[in-house]
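1. Sequence and predicted structure are below.
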Amino acid sequence: MKKSQLILVAVGIIAIVVLFSLPKVVVDNDATSAKIEDSGEPSDTPSDIISQSHENELSSQNRTQADQLIRNFLNAPTKEEKVTAAQILAGIYKEEGLFDSAAYYWEQAAVILPDNMFLAEEAGKASYEAFSFALDKNKVEALAEKTRNYLNKVLEKDPKRLDLKTKVAMTFVSSANPMQGITMLREVLEEDPQNEDGLFNMGVLSMQSGQYKRAADRFEELVKYHPQNIQGQFYLAVSYFEANEKNKAKAQFEEVKKLTQDPMILSSVQSYLDRL
């Protein structure tokens, strides 16, 4: 399994702990983004770029290639060549699970060609991925703003992109205005009641606010329509466990064991089963 895939699996489990650090918001009761100037040039100086690239060290396998690509990026005679180098660099950093650096280079590409919606979307999605892993408060806020800035550009052109709207919504949940995010997620589910991201995120937020029965309802809907969503299957079991529905929890944890061979997930499942 690739390093980036291993990291994503691990985060899928530890998110149970992380989500409790978010603001407590009741999500199922009735109840101005900063802009990055599009100058057409990379936002940092060459020395800043080199410093950024070495902030998170790559494996020796990719280090040589990355160093050459950085030189290509800095010295390329055309915008298109700079963008190509930045895209390849972003892929290398993502492959190694260095999501901040991957987001950085997608942003460089999007700044160089500000009217390119593909680059805006990729910069937004990469910023969201880095946002999801960030722990430092200032970094979380900065990456949330970048996510909104780039994904909203795409949504202005194509408002039907509910997958992007759910990501924008989640950036508000850890902000000073979490209800804005909850409202956006509700809008997604009103438009598409079977939306995978919307059901998953509303379930997670219900868990975070201690509404475990409501969370179970959301995850039941999720796995009904999207049975291969392993995180949803796992969180459904945890929701049953926290709601003190022990028989349902045991049965669901056993179901999760049938769906995956991943040792991290199986270890977490067993730790819950041992407590039942």
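-> Done, it's in. If you're wondering where the values come from, they're calculated on a predicted model, not measured in any experiment.
2. so where's the stretch 151-276 of the chain shaky on pLDDT?
-> Across the stretch 151-276 of the chain, no stretch falls below the confidence threshold (pLDDT under 70).
3. which residues of it fall in helices?
-> 162-173, 178-191, 196-208, 212-225, 230-242, 246-259, 263-273 (DSSP state H, counting those that start in this stretch).
4. Redo these as JSON lines? Include distance to residue 78 and mean neighbour count.
-> Where C-beta positions appear, they are placed from N, C-alpha and C, glycine not excepted. Listed next are the helices of the stretch 151-276 of the chain as JSON lines, based on distance: least, Cβ to Cβ, whole Å; neighbours: other Cβ atoms under 10 Å:
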{"stretch": "helix 162-173", "distance to residue 78": "29", "mean neighbour count": "22"}
{"stretch": "helix 178-191", "distance to residue 78": "39", "mean neighbour count": "18"}
{"stretch": "helix 196-208", "distance to residue 78": "37", "mean neighbour count": "24"}
{"stretch": "helix 212-225", "distance to residue 78": "46", "mean neighbour count": "21"}
{"stretch": "helix 230-242", "distance to residue 78": "42", "mean neighbour count": "23"}
{"stretch": "helix 246-259", "distance to residue 78": "48", "mean neighbour count": "16"}
{"stretch": "helix 263-273", "distance to residue 78": "44", "mean neighbour count": "15"}
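5. can you list these in a markdown table and add distance to residue 130?
-> Output for the helices of the stretch 151-276 of the chain, formatted as a markdown table (distance: least, Cβ to Cβ, whole Å):
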| stretch | distance to residue 130 |
| --- | --- |
| helix 162-173 | 11 |
| helix 178-191 | 18 |
| helix 196-208 | 18 |
| helix 212-225 | 25 |
| helix 230-242 | 19 |
| helix 246-259 | 28 |
| helix 263-273 | 21 |
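6. Which one of those lies nearest to residue 151?
-> helix 162-173 (4.7 Å; Cβ to Cβ).
7. Contacts for the closest one, please.
-> Contact partners of helix 162-173, identified using Cβ atoms under 8 Å, 6 or more residues apart in numbering, comprise 22-23, 25, 121, 124-125, 128, 131, 144-145, 147-148, 151-152, 154-155, 178, 180-182, 184-185, 187-188, 191-192, 195, 197-198, 201, 205.
8. Good, wrapping up.
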